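Q: coords please:
(chains A and B)
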Amino acid sequence: MTIATATPMLLHRMIDEAALRHPEHPAIRCDGETTTYEELARRANGLARVLLATGLERRARVAVLLGKNPRVPVAFYGVLAAGGVLVPIDPRSPVEQVTRILAATGATHLVSEPERRQVVQQALVACPEVSQVVGLEADDGLPFRCQPWSTVFEEAGDRPPDVPVIGLDPAYVLHTSGSTGAPKLIQHTHSSAMSFVDWAVTEYSLTREDRLSNHSSHHTCFATFDFYAAARAAATTVILTPAALMMPASLSSLLERERVTVWYSVPTALVQLSLRGQLETRALDSIRWVLFAGETFPEKHLRRIMRQLPGARFSHVYGSTETNVCTYHHLPESGELGSPLPIGRACSNARTLVVDGDLRPVPDGEVGELLVRGSTVMSGYWGEPERNRQVLVRRTSAGDLEETFFRTGDRVTVLDDGNLTFVARADLQVKVRGYRVELEEVESALLSLDPVEEAAAFAVPDGEGSSAIWAVVVAGDGAASSREEIASAVGKILPVHAVPAEIAVLESLPRTPTGKVDRNALRARLAAGKGQNGG
Amino acid sequence: MDFVRRELLSPEVNVDREDDLLSGDLLDSVAVLRLAAFVEEEFEFKIQPADFVIENFQNVAVLADYVQRASGR
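A: Down below sits the predicted model:
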């Protein structure tokens, strides 16, 4: 039996399709164990049946609170097959964050596991709407009903439940870190997710022989590539365990053993792998694509890892949780990389526009804000109609019809060769005593110094209507550089007004769950250290 | 053991010799680096990069074994 090509492809149907064609093929690898596509499909169906049997309504939200393990894809596809909306929660969230996300999305069901029992109990105290939990042992003392994972396995079967879902139906809601207040909740439909997935499969020629590593936590948009793009090609997703992620030499060994072919992460993870992963002692010729996004990749680290992985092509992709990947740039295999690295051209399913403050297009070569239109753009922020009106703007086109664009808040320009390049995040440009300073230039200057491994700069209001620049650096092993030496060296590179007023040497930079530098946490930490408040 | 308890974990968390240090729930990657630095200072030897692997840091018991072998004590 073949599935009619006219049937719209939905996220959970990819698993059924793969289970039909390649039942024995590994879908998931984790800690040396395999879940085949047939097993994944059967278990996901089992979970879907349990959710429906416990009253899950169409489009109701099902939160998922799991560690980084093979239950995750079962939970993802099970919720989707049941017609629910998936809300994956960062397993490292404090209890208050879990409660906030549950309450904001009005989740009625939660999928978790015994290891998280305490957090679940505490979080649900303030969430009476969550009446059913899958993954904990039944307990008469709890105010919610529980179905253990064993029930899911008992209900596992070949037939998915008969739940009508269309492409435009919401599929999942992802949350951002919330380090600056309430997390943003970003909704995507099956269509917007599949549009990204299909682009990725085509652009990187994914086949079922591919093995995609899953580096980022499953609550991030990076993971939507690792899991869903793999499923589209009936390829294998290799979950990188927390232990491996903490020990770069073990991580490189894992990549070698598992013959990973495609990697996607923030640059910082690749930097650690390059510096501490003992790559010269590993055979990593299986890696054919390395995708990175989310932050600047310091050229010295990028060049080193390109030398260490000579068989791999490198792809700089750009996008956000709101848009998925919307532009991309495959790095030339030799020669000039461009500084900054271009973010490239729009994906085949996206259109980009660079506009001024009045949302009017600017000529090529001028700097403006990047707008994105395309089928991978989010539905909107959950529960924030006003913010949606601000970021999803309508432009009138021929026939007085309106098209929706997403305001990225990023400032870019189009280069002579047609590539887009990043100029600055709108919030990373500051005025110091009347002079405009790009914080990323300050960071670049610091990184160009040999002993500096990582650097972050941020602005602190100086109480006189202007800002001062503070910076923190992480020095490499054995580097004996002092603050004074670094400050003096960077003073020779940067114009006077761009030289940081304060430089601190830390052992590490605080990061958000996706691995990006958490500038607000930095600012708070240094301000507290100097006995100042933010104002 | 005391260092792990005192410096790296919040006071109410109890850790035994066999508890998994690398599950992601106890320590983060920075804490692991600090543990390594402490071990190097306390026992006066340098951890070879090739030894900075899961097998030697999984729990306090294996770490203690590694330290004994590597520092020659």
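Q: So, low pLDDT: which residues of the stretch 51-200 of chain A?
A: Across the stretch 51-200 of chain A, the ranges flagged by pLDDT under 70 are A:178-181.
Q: So which bits of it are right by chain B?
A: For the stretch 51-200 of chain A, the residues in contact with chain B (CB under 8 Å from any CB of the partner chain) are A:67-68, A:91-92, A:115. Yep, even glycine has a C-beta here, placed from its N, CA and C like the rest.
Q: and the two most separated of the residues you listed?
A: Spatial extent of those (CB to CB) is set by the pair A:Arg92 and A:Glu115 at 13.0 Å.
Q: Contact residues of chain B facing chain A?
A: B:20, B:22-25, B:27-30, B:32-34, B:49-50, B:52-55, B:57-58.
Q: Now do the contacts for whatever residue of chain B ends up closest to chain A.
A: For chain B, the residue closest to chain A is B:Gly24, as judged by CB to the nearest CB, at 2.9 Å. Contacts for B:Gly24 (CB atoms under 8 Å, 6 or more residues apart in numbering or on different chains) come out as A:67-68, A:91-92, A:241-243, A:245-246.
Q: what does the model give it for pLDDT?
A: Reported pLDDT at B:Gly24 in the predicted model: 80.
Q: swap in the one 5 residues further on?
A: Predicted confidence (pLDDT) for B:Ser29: 77.
Q: ditto for B:Leu9
A: So, for B:Leu9, pLDDT stands at 55.
Q: circling back to that earlier point, could you identify the buried members of the residues of the stretch 51-200 of chain A next to chain B?
A: Among these, those classed as buried by 16 or more other CB atoms under 10 Å in any protein chain shown are A:67-68, A:91.
Q: For ChimeraX, write the select line for the buried members of the residues of chain B next to chain A.
A: Typed into ChimeraX, the line below selects the buried ones among those, using 16+ other CB under 10 Å:
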select /B:22,23,24,27,28,29,30,32,33,34,52,53,54,57,58
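Q: Helices - which of the residues of chain B next to chain A land there?
A: Among the residues of chain B next to chain A, the ones falling in helices (DSSP state H) are B:29-30, B:32-34, B:54-55, B:57.
Q: From the structure, what's the count of residues near A:Glu39?
A: For A:Glu39, the neighbour count with other CB atoms under 10 Å in any protein chain shown is 19.
Q: So for it, what's the pLDDT?
A: In this model, A:Glu39 carries a pLDDT of 98.
Q: coming back round to it: can you list the contacts of B:Gly24 in a markdown table and add secondary structure?
A: Putting the contacts of B:Gly24 into a markdown table (DSSP: H, G, I helix; E, B strand; the rest coil) gives the following:
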| residue | secondary structure |
| --- | --- |
| A:Gly67 | coil |
| A:Lys68 | coil |
| A:Pro91 | coil |
| A:Arg92 | coil |
| A:Thr241 | coil |
| A:Pro242 | helix |
| A:Ala243 | helix |
| A:Leu245 | helix |
| A:Met246 | helix |
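Q: For chain B, what's the nearest residue on the stretch 301-450 of chain A?
A: A:Gln308 (14.1 Å).
Q: Next: chain A.
A: A:Pro242 (2.9 Å).
Q: With adjacent residues omitted, what lies nearest to that residue?
A: B:Gly24 (2.9 Å; CB to CB, 6 or more residues apart in numbering or on different chains).
Q: before we move on, what about B:Glu55?
A: B:Val62 (6.8 Å).
Q: Give me the pLDDT for residue 12.
A: Picking chain A for this. For A:His12, the model assigns a pLDDT of 97.
Q: Hmm, no, I was thinking of chain B.
A: 51.
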